[in-house]
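Undergrad: Model the structure of this input:
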Amino acid sequence: FDILITVGNYSNARMSMPSLQLEFRYDSGCMITFSGRIVRHGVDGVEGDQIACTWYMRDSVHIYAGVPSCGWAMVEGHILTTV
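TA: Below is the predicted model of the structure:
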């Protein structure tokens, strides 16, 4: 899984996950965790200053923990990419 954290002096940011038909407020101080390999996602541009930090779980962590990696999301043979 991945963890996304955002901070800054801005407002009205939205995190969208179109494949799940979800949209969240993504204001400063927000933390979201999900699998970026499975869920297509994106954030629209905002007015102001924004810093986003992302922590990606490495495949070696899955191997160490004995948990299988989910692999990349595929649609009709094509890998989904982030928005």
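
Undergrad: ok, now which ones touch residue 29?
TA: Neighbouring residues of residue 29 by Cβ atoms under 8 Å, 6 or more residues apart in numbering: 6-7. (Each C-beta comes from the backbone N, C-alpha and C, glycine too.)

Undergrad: Quick check: the gap between it and residue 47.
TA: 18 Å (Cβ to Cβ, to the nearest Å).

Undergrad: most centrally placed residue in the protein?
TA: For the chain, the residue nearest the mean C-alpha position is residue 36 (5.0 Å; Cα atoms, centre = their mean).

Undergrad: Three-state assignment for that residue, please.
TA: Counting by DSSP: H, G, I helix; E, B strand; the rest coil, the backbone at residue 36 sits in coil.

Undergrad: Test my guess that it contacts residue 2.
TA: Yes. Judged on Cβ atoms under 8 Å, residue 36 makes contact with residue 2 at a distance of 4.5 Å.

Undergrad: Name the residues contacting each of these two.
TA: Joint contacts of residue 36 and residue 2 (Cβ under 8 Å, 6+ apart) are residue 56.

Undergrad: Just want the phi and psi numbers for the residue nearest to the centre of the chain.
TA: phi -70, psi -20 (degrees, to the nearest 10).

Undergrad: any idea how far it lies from residue 11?
TA: 24 Å.

Undergrad: Do a quick rundown of the strands in this protein.
TA: Secondary structure of the chain (DSSP state E): strands at 2-10, 14-17, 22-25, 31-34, 42-43, 48-56, 74-75, 78-79.

Undergrad: Identify whichever of these lies nearest to residue 64.
TA: strand 48-56 (15.2 Å; Cβ to Cβ).

Undergrad: Need the residues that contact that closest one.
TA: The contact list for strand 48-56, computed with Cβ under 8 Å, 6+ apart, reads 2-11, 13, 28, 36, 43.

Undergrad: Show me which of these are buried.
TA: Buried members of those, counted by 16 or more other Cβ atoms under 10 Å: 4, 6, 10, 13, 28, 36, 43.

Undergrad: Max pairwise distance over those residues: which two?
TA: Using Cβ to Cβ, those span at most 21.9 Å, a distance reached by 10 and 36.

Undergrad: Tell me how many other residues crowd residue 59.
TA: 10 (other Cβ atoms under 10 Å).
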